[in-house]
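Student: Quick one, structure for this:
(one chain, ligands or ions: 2)
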Amino acid sequence: MTEASPTVEDAAARLSRGRLVAFPTETVYGLGADALNPEAVRSVFRLKGRPSDNPLIVHVGSPEGVGPLARRVDDRARALMDRFWPGPLTLVLERSERVPDVVCAGASTVALRCPDHPLALRLLEAFGGPLVGPSANPSGHLSPTNADHVREGFADAIARDELVVLDGGPCTGGIESTVLALLPDRPPTILRPGLIGPEEISKALRGVDVVRGGSGTIPSPGTRHTHYRPGAPVQLVGAARVGELAASVEGRVAALVISADDLPGPHLTIRMPDVGAPYASRLYAAVREADSVEPAAILIETPPRTSPVWDAVADRLRRMASGE
Ligand code: AMP
Ligand code: MG
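Tutor: Ligands and ions are numbered 1, 2, ... in the order given. Coordinates of the predicted model:
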């Protein structure tokens, strides 16, 4: 099923014609389209089956790309772009009129980020404008962390030549960006945890308090929708109970473990790193591997919560387990 990856120039030319290109970033693969072409953006929603009230992240090639898209870029936004871009931090700012309604799902804000991946940056440069780039998976499925995951999710569209995939190998980050709202008269608010944690953000803002969203004060549309869901039910379980629980399940189990013992055959045991960043990088591919044996259940050993990366991992695991 592996078709040739297009050149960056070919991919950029397709985008200019309103077509779709999946591209690698340091977090997960994005489904790219011209952010200023409403028809192209609508085709992203259609292909993903994404609800039209869930807005898209807009990718820019540098902080300069933000100016035309945001109503105002305040000192906080400048400091964070200086410190973390290119990188896995998405900033939600008030939007300018140039951003089509469909991108923001009608909201008055726009989510912006500059990805830290050489192919993504070359694509943005060759295209010469902003690109929407939601994760390149059918809505409600796991985010893709390599080009084959994208090809599996969109085989039909690729066969019809509606989509091409720029293959940049596996993503190093492995989970989606931190989403931070920076709105007037509000504290910086994390809408989605990611590899960049609140302490680091606060430090870059000279100690300003960073709050965690969810209280409903700032709309966080994506959290209303199902995410990160494999086919088999997922259960989080302490290391000591993995074996016991596997024994109680009827049928084959797949388990992602850190310190728990291997399960006896015919169960599948996938051993995961005990360090946060490599765990995050491996997570979605490991869950796909677990899901591929069509297990009766996927058991995931509860990881430690001792760093922002582990917190972000815990957020994704909780969503997988609850079907949220
Ligand atoms: P993904 O579809 O995986 O790229 O995730 C994009 C995330 O960013 C979702 O959780 C969206 O709801 C969120 N997002 C995008 N635009 C906005 C916005 N204007 N305000 C708040 N959250 C946003
Ligand atoms: Mg997504």
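Student: how many neighbours does residue 271 have?
Tutor: Close neighbours of residue 271, defined as other CB atoms under 10 Å, add up to 15. To be clear about C-beta, it is placed using only N, CA and C from the backbone, and glycine gets the same treatment.
Student: Residue 277 now?
Tutor: Using other CB under 10 Å, residue 277 has 17 neighbouring residues.
Student: before we move on, what about residue 278?
Tutor: 14.
Student: In which helix or strand does it reside?
Tutor: helix 276-292 (DSSP states H and E).
Student: List the contacts of that helix.
Tutor: The contact list for helix 276-292, computed with CB atoms under 8 Å, 6 or more residues apart in numbering, reads 28, 142-146, 149, 170-175, 195, 230-232, 234, 254-256, 258, 268, 270, 272-273, 298, 303, 306-307, 309-310, 312-313, 316, 320.
Student: The helix or strand following it to helix 276-292, inter-axis angle?
Tutor: Going down the chain from helix 276-292, the next helix or strand is strand 297-301, by DSSP H and E. Calculated by axes from the mean of the first three to the mean of the last three CA atoms, to 10 degrees, strand 297-301 forms an angle of 160 degrees with helix 276-292.
Student: Just the C-alphas of strand 297-301, formatted as CSV.
Tutor: Taking Å, rounded to 0.1, in the frame of the first residue of the first chain, the C-alpha atoms of strand 297-301 are listed here in CSV:
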residue,chain,number,x,y,z
ALA,A,297,-9.4,-5.8,25.9
ILE,A,298,-6.4,-3.5,25.9
LEU,A,299,-4.9,-3.2,29.4
ILE,A,300,-2.6,-0.3,29.9
GLU,A,301,-0.4,-0.2,33.0
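Student: ok, and what's touching it?
Tutor: Applying CB under 8 Å, 6+ apart, the contact partners of strand 297-301 are 230, 232-239, 242, 245-246, 249, 251, 253-260, 272, 287, 290-291, 317, 320-321.
Student: Show me just the buried residues among those.
Tutor: 230, 232, 234-237, 242, 245-246, 253-258, 260, 272, 287, 290-291, 317, 320-321 (16 or more other CB atoms under 10 Å).
Student: circling back: buried set for the helix holding residue 278?
Tutor: Using 16+ other CB under 10 Å as the test for burial, helix 276-292 gives 276-277, 279-288, 290-291.
Student: Please apply the same query to stretch 19-37.
Tutor: Neighbour-count burial for stretch 19-37 flags 19-37 (criterion: 16+ other CB under 10 Å).
Student: Pull the distance from it to the chain's centre.
Tutor: When C-alpha coordinates are averaged (CA atoms, centre = their mean, to the nearest Å), stretch 19-37 and its chain have centres 12 Å apart.
Student: got it, and stretch 291-308?
Tutor: 18 Å.
Student: In helices, which of the contacts of helix 276-292 appear?
Tutor: Residues of these located in helices (DSSP state H): 149, 309, 310, 312, 313, 316, 320.
Student: Among those residues, find me the one that's closest to ligand 1.
Tutor: Of all those, residue 316 has the smallest distance to ligand 1: 11.1 Å, by CB to the nearest ligand atom.
Student: confidence score at the closest residue to residue 235 other than its chain neighbours?
Tutor: Leaving aside its chain neighbours, residue 235 sits nearest to residue 299 (5.5 Å; criterion: CB to CB, 6 or more residues apart in numbering). Per-residue pLDDT puts residue 299 at 97.
Student: ok so, going back, can I get the buried part of the ones in helices among the contacts of helix 276-292 as one PyMOL selection?
Tutor: Applying 16+ other CB under 10 Å to these, the buried members can be selected in PyMOL as follows:
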select buried, resi 149+309+310+312+313+316+320
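Student: Put together a markdown table for the ones in helices among the contacts of helix 276-292, with distance to residue 81 on each row.
Tutor: Shown next, in a markdown table, are the ones in helices among the contacts of helix 276-292 (distance: CB to CB, whole Å):
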| residue | distance to residue 81 |
| --- | --- |
| 149 | 29 |
| 309 | 21 |
| 310 | 26 |
| 312 | 20 |
| 313 | 25 |
| 316 | 25 |
| 320 | 31 |
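Student: sorry, back to before: among the contacts of helix 276-292, which are located in strands?
Tutor: Counting by DSSP state E, these place 234, 254, 255, 256, 268, 270, 298 in strands.
Student: what about residue 151, which SS state?
Tutor: What DSSP: H, G, I helix; E, B strand; the rest coil gives for residue 151 is helix.
Student: circling back to that earlier point, neighbours of the residue nearest to residue 235, how many?
Tutor: Residue 299 has 27 neighbouring residues, counting by other CB under 10 Å.
Student: Specify the beta-bridge partners of it.
Tutor: residue 235, residue 255 (DSSP bridges).
Student: oh, and call the first residue 70 from now on, that's how I've got it
Tutor: Fine by me, first position is 70 from now on; the one you just mentioned is residue 368.
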